[in-house]
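K.L.:
I'll drop the sequence and a predicted model, then ask my questions.
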Amino acid sequence: MNPDGDVVLRAFKGEGPLFESMLDERARELAQAFEAEGEIGLDVLILIGAQGRWALPLAAVVRVETLPRPLPVPGLPAPLMGLTLLAGRRCLLADLDGLAAETAPRPADRPGHAVLLRHLPLALAVDRAEAIASVAVPAAMTAGLRRGLLADGAVLLDVGRLAVKAKVGEHRP
């Protein structure tokens, strides 16, 4: 394997200089956003799950597709449902309600949508991708992107935190 490929693989596993560089860059961006005052316009994808309405920053989403039946992998913890192929990318499929609200595992036969995330080998299973919306959020909310509540009742989620909860670096697709 070439050295560049090894660096990229290590970054996907959540380790190495490329991964650390990405974290440093994100920390700088979040610090700048935290210092900003007022509200920031943010494009989000509104998702409907069994536990309510979720919102993901649109910049973190690659594609939305009909929910595929994942290939089960023995030993994967809930809410990871298995492996799947979306947009030519092999990725883990995780139940968004299970990750964000820590609910019981999603039934494998329940229809829905899969949301493929940018820069991560992870897709999220939801009941429905409802709409794209532009919302105004307090600058401090975007700085932490912790579970902030938007005006329409949707919960704004941080994709990085979801990836950590799914332990993406520990499970190689």
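P.N.:
Here it is on my side, so go on.

K.L.:
when you work out contacts or count neighbours from here on, use the C-alpha atoms and nothing else.
P.N.:
Fine.

K.L.:
show me where this structure has its helices.
P.N.:
With helices called from DSSP state H, the chain shows them at 3-12, 16-35, 96-101, 139-144, 159-166.

K.L.:
and the gap between residue 73 and residue 84?
P.N.:
Relative to residue 84, residue 73 is positioned 11 Å away (CA to CA, to the nearest Å).

K.L.:
with residue 152 instead?
P.N.:
To residue 84, residue 152 is 32 Å away according to CA to CA.

K.L.:
what about these two, which has more around it?
P.N.:
In this view residue 152 and residue 84 are compared by other CA atoms under 10 Å, and residue 84 has more residues nearby, 22 against 8.

K.L.:
what about residue 134, neighbour count?
P.N.:
12.

K.L.:
er, residue 21 actually
P.N.:
Neighbour number of residue 21 under other CA under 10 Å is 12.

K.L.:
looking at this structure, which helix or strand does the model trust least?
P.N.:
Using mean pLDDT, DSSP states H and E, the weakest-scoring helix or strand in the chain turns out to be helix 139-144, at a mean of 54.

K.L.:
comparing the helices of the chain by mean pLDDT, which bottoms out?
P.N.:
Looking at these, the lowest mean pLDDT belongs to helix 139-144 (a mean of 54).

K.L.:
over to the closest residue to residue 89 other than its chain neighbours: give its phi and psi.
P.N.:
Leaving out its chain neighbours, the residue that sits closest to residue 89 by CA to CA, 6 or more residues apart in numbering is residue 121, at 7.6 Å. Torsion angles at residue 121 (phi, psi; degrees, to the nearest 10) stand at phi -80, psi 60.

K.L.:
and residue 121, what pLDDT?
P.N.:
If you check residue 121, the pLDDT there is 93.

K.L.:
surely it and residue 90 touch.
P.N.:
Yes - when contacts are counted by CA atoms under 8 Å, residue 121 is listed as touching residue 90 (6.9 Å).

K.L.:
of these two, which one has the most company?
P.N.:
Of the pair residue 121 and residue 90, residue 121 is the one with more neighbours under other CA under 10 Å, namely 23 against 15.
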